[in-house]
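Q: Okay, here's the prediction I keep looking at, along with the sequence it came from:
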Amino acid sequence: MSNTFIALSSHFSKSAIAVIRINGDRSLKITNSFLTKKLKNSPNKRFLRKFYNNNQFIDEVIINFYPAPHSYTGDDLIEIMCHGSTYIIEQIISSYNSKGIRYAGPGEFTKRAVINSKLDFIKAESINELVNSENKLSHDSAINSYDGTVNKLFREIRKELNFLWANLEVDLDYPEFDNQNLNKSAIKIRIQKMQKSLEEINSNSESVFPFLKNTIICIIGKPNVGKSTLLNALLKNNKAIVSDIPGTTRDVVEGEINIHNQKMKILDTAGVHSTQEIIEKEGIKKTLETIRKSNLIIHVSDDGKWENMNIPKSKKIIYVYNKIDLIKNPLKSDKYVCISAKDNKIDNLNNKLFAWVNEMSETIANNCLINYRQWNICQLIQKKIEEWLEKFGLIEDDLHAFFLNEIKNLFDELLGKKIKDNLENTLFNHFCVGK
């Protein structure tokens with residue numbers, strides 16, 4: 001299939017500017033056929049040109065030309081910035097189609113970058129996550145994977161594996177040779193260091209993954225403790241019905257808040273207590289379901305006592321003492337925060353939420369994977385290293401080489417050096433067409 005193709009990289013809608021990309025060996029020649037003043041083969045230059053199709057003037061455009069290999073894809077690459085009329089976009093793209101230039105497949109620009117070794121597979125996945133990031137945590141995770149500590153660590157481990165493999169090969173091929181570079185004890189120390197790094201990555205990833213897509217905060221408590229009032233205070237909007245009558249909230253009420261550039265869903269739930277009322281019982285059932293799918297629980301009380309709701313130990317809980325406006329001298333404690341949702345005095349809670357988001361951001365900064373494919377392979381590598389270390393002092397050189405080769409193969413799969421076509425296509429099928 002030809003490596004020359006075209007796609008719209010911006011959104012297909014009326015806008016001030018649209019960006020169209022043309023990749024491949026024929027991109028410069030075909031583009032010049034639409035211009036009265038030809039482009040020069042000059043890298044990183046911007047040209048203002050009038051674009052014609054069948055001698056009809058279409059638009060005055062700005063064109064960037066990136067000759068191979070100094071482009072995103074590693075091929076010749078042209079970017080056309082035109083006015084964002086859908087008619088103009090269609091006319092420019094159809095003019096290339098008439099010259100036999102096909103439309104790009106999903107993620108094909110990035111796929112060419114991987115093929116041409118401009119990007120590794122980890123960076124390609126990071127780019128897709130970056131494009132799809134909807135909050136601070138998912139953005140930070142993608143950036144860190146692309147060019148942060150995780151990417152650098154993977155490259156260092158891959159280099160280390162090659163070094164160990166080379167030395168083991170010497171021992172196997174030349175047993176009479178006294179290898180001064182590395183003995184078995186030194187190899188074990190290096191493998192243990194690698195294991196420690198992977199354990200940290202896997203642990204961090206497990207704790208952060210639930211927050212990268214949809215972060216859900218659930219407000220729970222007994223009836224009439226001020227859950228709905230707190231929801232309205234956090235949203236700065238009267239979304240939930242507030243009443244002194246217990247059991248007013250029968251269904252889950254949902255809103256969205258933004259904490260430190262992190263968008264989160266916040267859910268107000270029915271008060272949990274013993275009741276025979278059918279509709280109220282259904283509301284309580286939904287509350288328990290919401291607790292299970294939430295990332296953070298705000299447990300509200302108006303008397304300093306929080307009932308046991310069998311919340312899983314893995315859940316992060318912030319205990320909130322509400323209605324302190326009714327108490328002369330509320331007792332302060334590190335175990336809970338005091339607020340008055342009715343008077344919008346919730347700064348203490350906002351500070352806690354802010355600190356929680358920062359904690360997640362720091363975890364991402366300290367090595368975190370971005371998807372379950374990477375995590376599953378890292379777990380397999382960790383298990384294989386643990387198995388090797390358990391048998392380390394009892395096995396011969398050829399079995400040491402076997403374990404190291406298995407780890408190398410898994411690591412090559414992680415980095416995309418040995419990737420199956422169906423997995424590669426699965427990745428790029430989730431990309432935007434113009435990326």
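A: Structure received.

Q: how about the helices in the stretch 51-200 of the chain?
A: For the stretch 51-200 of the chain, the helices defined by DSSP state H, counting those that start in this stretch cover 86-97, 108-115, 121-131, 136-147, 149-173, 184-212.

Q: meant to ask about the stretch 251-400 of the chain
A: According to DSSP H, counting those that start in this stretch, the helices that the stretch 251-400 of the chain contains are 278-293, 347-365, 372-391, 397-415.

Q: re the thing from before, now the helices of the stretch 51-200 of the chain as TSV including distance to G221, mean neighbour count and mean pLDDT?
A: For every residue, glycine as well, the C-beta is placed using N, CA and C. As requested, these are arranged in TSV below (distance: least, C-beta to C-beta, whole Å; neighbours: other C-beta atoms under 10 Å; pLDDT from 0 to 100):
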stretch	distance to G221	mean neighbour count	mean pLDDT
helix 86-97	51	17	95
helix 108-115	47	22	89
helix 121-131	36	20	84
helix 136-147	27	21	78
helix 149-173	39	16	78
helix 184-212	23	17	82
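
Q: Mind putting these into a markdown table with distance to L353?
A: Formatted as a markdown table, these follow (distance: least, C-beta to C-beta, whole Å):
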| stretch | distance to L353 |
| --- | --- |
| helix 86-97 | 42 |
| helix 108-115 | 36 |
| helix 121-131 | 24 |
| helix 136-147 | 13 |
| helix 149-173 | 26 |
| helix 184-212 | 13 |
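
Q: so which of these gets nearest A7?
A: In terms of C-beta to C-beta, the element of the helices of the stretch 51-200 of the chain nearest to A7 is helix 108-115, at 7.3 Å.

Q: Let me see the contact set for N344.
A: A233 (C-beta atoms under 8 Å, 6 or more residues apart in numbering).

Q: where in the stretch 251-400 of the chain is pLDDT low?
A: Scanning the stretch 251-400 of the chain with the threshold set as pLDDT under 70 gives 251-252, 270-287, 330, 363-366.

Q: Now with 90, please.
A: In the predicted model, the stretch 251-400 of the chain carries pLDDT under 90 at residues 251-297, 300-317, 322-337, 339, 341-345, 350, 353-376, 388-400.

Q: The stretch 1-150 of the chain too?
A: 1-3, 10-14, 39-46, 55, 105-107, 110-111, 114-115, 117-150.

Q: Run through the bridge partners of D268.
A: Beta bridges link D268 to I219, V253, judged by DSSP bridges.

Q: Tally up the residues packed near it, please.
A: For D268, the neighbour count with other C-beta atoms under 10 Å is 28.

Q: That one and T229 touch, don't they?
A: No - using C-beta atoms under 8 Å, D268 makes no contact with T229, being 9.5 Å away.

Q: Let me see the domain layout of the chain.
A: What the record gives for the chain is the domain set 5-120, 123-210+371-416, 216-360, from automatic domain parsing.

Q: before we move on, back to that, which among the helices of the stretch 51-200 of the chain is found nearest to Y319?
A: helix 184-212 (20.5 Å).

Q: Point out the other elements, helices or strands, that the closest one touches.
A: helix 136-147, helix 149-173, helix 347-365, helix 372-391 (3 or more C-beta pairs under 8 Å, 6 or more residues apart in numbering; DSSP states H and E).

Q: chain center to it: distance?
A: Distance of helix 184-212 from its chain centroid, counting by C-alpha atoms, centre = their mean, to the nearest Å, is 19 Å.

Q: And for stretch 140-158?
A: 13 Å.

Q: then that stretch to PDB, C-alphas only?
A: As requested, the backbone C-alpha atoms of stretch 140-158 are provided in PDB (Å, rounded to 0.1, in the frame of the first residue of the first chain):
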ATOM      1  CA  ASP A 140       0.000  14.000  33.400                       C
ATOM      2  CA  SER A 141       0.100  10.200  33.000                       C
ATOM      3  CA  ALA A 142       0.400  10.400  29.200                       C
ATOM      4  CA  ILE A 143       3.100  13.100  29.300                       C
ATOM      5  CA  ASN A 144       5.100  11.100  31.900                       C
ATOM      6  CA  SER A 145       4.900   8.000  29.800                       C
ATOM      7  CA  TYR A 146       5.800   9.800  26.600                       C
ATOM      8  CA  ASP A 147       9.000  11.500  27.900                       C
ATOM      9  CA  GLY A 148       9.100  11.100  31.600                       C
ATOM     10  CA  THR A 149      10.500   8.700  34.200                       C
ATOM     11  CA  VAL A 150       8.700   5.600  33.000                       C
ATOM     12  CA  ASN A 151       9.900   5.900  29.400                       C
ATOM     13  CA  LYS A 152      13.500   6.500  30.500                       C
ATOM     14  CA  LEU A 153      13.300   3.700  33.000                       C
ATOM     15  CA  PHE A 154      12.100   1.200  30.400                       C
ATOM     16  CA  ARG A 155      15.000   2.200  28.100                       C
ATOM     17  CA  GLU A 156      17.500   1.800  30.900                       C
ATOM     18  CA  ILE A 157      16.100  -1.700  31.700                       C
ATOM     19  CA  ARG A 158      16.200  -2.700  28.100                       C
END
